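Trainee: model this:
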Amino acid sequence: MHASQPLRLPVGTGAGRWSTFHGEKTLVVAARTVTSTVRVLECLPALLRGDGRVTVVFAHDPTSAFNDGVLDLLHDAGCRVIPWEQVGHAEPDLILTASENIDVPEGHCPVLVLPHGIGFQKQVPDSRASGDRLSGVVPDSLLESGRA
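Mentor: Prediction:
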């Protein structure tokens, strides 16, 4: 399974023309690893409480060395999946993730990062630079912009 084709509904070009039910807000859930995706899937029911005003789509970020199985998990859960390149065009009102390592698209959309395990707040190798970083901490640019 892959998410290489952009979705036309509910967030694609011209989606308003074809949608029967128009959500008032769009939530994009960033799915990067199986562990972080499971965490978000566990939290969504309590967060949304069946609110039909929120359109939810998942975006697969394939940049992790641990992304094997993410698309299968999303498919089995019945999720609508867009390729990562479509996130900016989806114009989300919120990006929800349980991974601090996603490449957040440009814009003003807020980002909510949930912890996803006991490994948060420990030193780990930095995949984007040499050296180590503190796990669970979002990039400075997100904090400085007020988006995180």
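Trainee: and the longest helix anywhere in the chain, what does it pack onto?
Mentor: Among the segments of the chain that qualify as a helix by DSSP state H, the longest is helix 34-48. Counting contacts by 3 or more C-beta pairs under 8 Å, 6 or more residues apart in numbering; DSSP states H and E, helix 34-48 packs against strand 25-31, strand 54-60, helix 70-76, strand 94-97. Any C-beta I mention is one placed from the backbone N, CA and C, and that applies to glycine too.
Trainee: Reformat these as a markdown table; add mean neighbour count.
Mentor: Formatted as a markdown table, the helices and strands packed on helix 34-48 follow (neighbours: other C-beta atoms under 10 Å):
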| stretch | mean neighbour count |
| --- | --- |
| strand 25-31 | 23 |
| strand 54-60 | 22 |
| helix 70-76 | 16 |
| strand 94-97 | 21 |
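Trainee: Now that we have the ones you listed, can you turn them into JSON lines and tack on distance to A148?
Mentor: Converted to JSON lines, the helices and strands packed on helix 34-48 look like this (distance: least, C-beta to C-beta, whole Å):
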{"stretch": "strand 25-31", "distance to A148": "13"}
{"stretch": "strand 54-60", "distance to A148": "17"}
{"stretch": "helix 70-76", "distance to A148": "22"}
{"stretch": "strand 94-97", "distance to A148": "10"}
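Trainee: Can you name the residues in contact with the longest helix of the chain?
Mentor: 27, 29, 31, 54, 56, 58, 66-70, 73-74, 77, 96-99, 114-117 (C-beta atoms under 8 Å, 6 or more residues apart in numbering).
Trainee: likewise stretch 50-63?
Mentor: 3, 7, 10-11, 21, 23-32, 37, 44, 48, 67, 70-71, 74, 79-84, 86-87, 90, 99, 101-103.
Trainee: Repeat that for stretch 101-113.
Mentor: 30, 32, 61, 63-64, 84, 87-88, 91-100, 127-128, 136, 138-139, 142, 147-148.
Trainee: which of those residues are buried?
Mentor: Taking 16 or more other C-beta atoms under 10 Å as the criterion, what is buried in the contacts of stretch 101-113 is 30, 32, 61, 64, 84, 87, 92, 95-100, 136, 138-139, 142, 147-148.
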